[in-house]
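Student: Structure for this input, please:
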Amino acid sequence: MSDDARQGYRDTVAASVTDPAGFWGEAAGLVDWVRAPRQVLDDSRPPFYRWYPDGRLNVCFNALDRHVVHGRADQAALVYDSPVTGTGRTYTYAELLDLVARFAGVLRDLGVGKGDRVVIYLPMIPEAVVAMLACARIGAVHSVVFGGFAPAELAARIEDARPKVVVSASCGVEPSRVVAYKPMLDEAVRRSEHKPDHCVIVQREQLQAEMGERDLDWAQLMHPDAVAPAACVPVGATDPLYVLYTSGTTGRPKGIVRDSGGYAVALSWSMTNLFGVQPGETWFCASDVGWVVGHSYIVYAPLLAGATTVLFEGKPVGTPDAGTYWRIVEEHDVVAMFSAPTAIRAVKKQDPRGELIEAHDLSSLRTLFLAGERLDPDTWQWATDRLGIPVVDNWWQTETGWPIATNPVGITLFDLKPGSPTLPTVGYDVQVLDERGEQVPAGTEGAICIRLPLPPGTLPTLWEDDERYVSSYLSAYDGYYLTGDGGYVDEDGYLYVMGRTDDVLNVAGHRLSTGSLEEALAGHPAVAECAVIGVRDALKGQVPRALVVLKADVDLDAGAIAALEAELVQRVRDEVGAVAALRRVDVVEALPKTRSGKILRRTMRQIADGQEAQVPSTIEDRGVLDALEPVLRGEE
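Tutor: Numbering: from 1, shown residues only. I've put the predicted structure just below:
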């Protein structure tokens, strides 16, 4: 790409933060409005900024109806690919619109109207997408809860959102088991002080659920003779589209509010400009609709853009093997794919030489995007070497709804630097600040913050809790949103996100990020993935401890493992320095993670320090953490 194109993008980003109303006023033309906004940004009540305050639209109309009207009725909108059940189906835009309009009619007939909430507790099946869009169609607010969440966590979300209807399924299907959802839903409703009027249940053939007095069968309600389709209901641009609860919260869950107009504009802009996906092309986001990535880049962004989106019910390995991603790319002519570094590390661990990659025709694939946690350089290099395409990091949060920083491949491709998500995106005035709130020099680590106002599509507040919004995100530095991540900007303006600020180690007065130590460890050819935590030390304040998982084809006896652990300690000393004070590395079978793939460093640190561990509700496998406890406590 030309230097002029790159400089042009830098100029665009600069203009978007100096004149946000000008930039986002022009971008508003990407969506169809019932009433186009005359005012772009309402900044009369900081820190509560509102985008397109006088505009009116319907997000479902923009995602489905307008594409049918403008000639995409027979184009594939949704490809359902489920290796765990051995099934799949493709839905055209016309077919998906019919299902969504009918279920919107079901909700309407059940008394759900504009502003009412609907909790969606479903596995990765087409009904999840249908339910989300049906809520948007009638102006209802959906709140998706990850399928299989424990009853206590689901109850907390039902109590907070107070839905009229809960949409669920009889079960979810995992690679090695069937998970009954209905008993967990029943227990959650029993525990919650708020009781929904109805629960709509998708009965799956793998396990049928017993129905209670408030339960209704999805298939019966959706029969064409039983319901009349619902039309789109216009809503205000500032009206909420959904509430999404952040993972790992304790007490009252923290509900991220997403508005309608700003979100539609930002996602429409991002799909073509940041991810480079054009109308009619197929996009595969291997996430879950329970997470923000699934909301934004399985459902809304690709459909707003008129693309085809893949809904995947499976795992990166084990359904049936580490080649399932590449099969999907080949079968559906995927042009760009979005996953998490954890997923690629799992694939790398099972197929370190990339033999399953070579077994598939991936000629359609232009780009692999990774996000959800820090992308370590070793994983980036492995994927780059095996796929031979740009592997693009992008960094953002549930709160922001779309990337804060990435390489804008739809506009121009900047040089890729391992460990960096490249540049801040349009609308994000990213600053790295020290403890006094002053900007630090290039190359110096600090707290990554974003100057207000945040761009469209980001959270305007928390669900029914403005005070908590301010105290959680806006109180640390006046006029800034605190991301909670630490990092630095290099001399070229590239951002490096080194981890959560509570993952910064203070070793004898020296501040070290866990990311720098993990980079050194992950670069060893035997290491599949790793985690570094800071453990309390009477002399140095903290000292690092490292846990590493070996690649699947690395088979070592006890003596060789001990030698490798010593080698890794020396490697960190050589690459980071003696100040790191890493003395202990443990080879373990697996690392505890959330369902979205984030490693539970904080929980492991609490166990190692002898504290009562705060185990997030989103933990993938509690058994992994239990097995590590003796190692973390120094008992092995």
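Student: Got phi/psi on the most centrally placed residue in the chain?
Tutor: Most central in the chain under CA atoms, centre = their mean is V293, positioned 3.4 Å from the mean C-alpha point. When read as degrees, to the nearest 10, the backbone of V293 gives phi -60, psi -40.
Student: can you pull out the helices in the stretch 301-450 of the chain?
Tutor: Secondary structure of the stretch 301-450 of the chain (DSSP state H, counting those that start in this stretch): helices at 301-304, 324-332, 341-350, 355-358, 377-387.
Student: from memory G323 sits against G354, does it?
Tutor: No. Using CB atoms under 8 Å, G323 is not in contact with G354, being 9.8 Å away. All C-beta spots, glycine's among them, are computed from the backbone N, C-alpha and C.
Student: So between these two, which is more surrounded?
Tutor: Of the pair G323 and G354, G323 is the one with more neighbours under other CB atoms under 10 Å, namely 21 against 18.
Student: What's the separation between that one and S270?
Tutor: Going from G323 to S270 by CB to CB, to the nearest Å gives 29 Å.
Student: doesn't V277 make contact with V310?
Tutor: No. The pair V310 / V277 is not scored as a contact, 11.9 Å apart, by CB under 8 Å.
Student: what pairs with D485 across the strands?
Tutor: Note on D485: beta-bridge partners by DSSP bridges are R500.
Student: got a list of what it touches?
Tutor: D485 is in contact with 395, 447-448, 497-501, counting by CB atoms under 8 Å, 6 or more residues apart in numbering.
Student: Pull out the buried members of the residues you listed.
Tutor: Buried residues within those, counting neighbours by 16 or more other CB atoms under 10 Å: 395, 447-448, 497-501.
Student: Now for D54, how many residues are close by?
Tutor: 16.
Student: which residues does it contact?
Tutor: By CB under 8 Å, 6+ apart, the contact list for D54 reads 35, 37-39, 237.
Student: So it versus G457, what's the distance?
Tutor: For D54, the distance to G457 - CB to CB - is 18 Å.
Student: Confirm G623 sits in a helix?
Tutor: Yes. Assessed by DSSP: H, G, I helix; E, B strand; the rest coil, G623 belongs to a helix.
Student: so where do the strands sit in the stretch 451-600 of the chain?
Tutor: Using DSSP state E, counting those that start in this stretch, the strands of the stretch 451-600 of the chain run over residues 480-489, 495-500, 504-507, 510-513, 527-537, 541-550, 584-587.
Student: on contacts alone, who are the packing partners of the longest one?
Tutor: Meaning strand 527-537. The helices and strands touching strand 527-537, judged by 3 or more CB pairs under 8 Å, 6 or more residues apart in numbering; DSSP states H and E, are helix 341-350, strand 504-507, helix 514-522, strand 541-550, helix 601-608.
Student: 7 Å - rerun?
Tutor: Packing partners of strand 527-537 (3 or more CB pairs under 7 Å, 6 or more residues apart in numbering; DSSP states H and E): helix 341-350, helix 514-522, strand 541-550, helix 601-608.
Student: Dump the last one to PDB, restricted to CA.
Tutor: What follows is helix 601-608, C-alpha atoms only, in PDB (Å, rounded to 0.1, in the frame of the first residue of the first chain):
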ATOM      1  CA  ARG A 601      -4.600 -14.600  36.000                       C
ATOM      2  CA  ARG A 602      -6.200 -12.600  38.800                       C
ATOM      3  CA  THR A 603      -7.900 -15.700  40.200                       C
ATOM      4  CA  MET A 604      -4.600 -17.700  40.000                       C
ATOM      5  CA  ARG A 605      -2.800 -14.800  41.700                       C
ATOM      6  CA  GLN A 606      -5.300 -14.800  44.600                       C
ATOM      7  CA  ILE A 607      -4.800 -18.500  45.100                       C
ATOM      8  CA  ALA A 608      -1.100 -18.200  45.100                       C
END
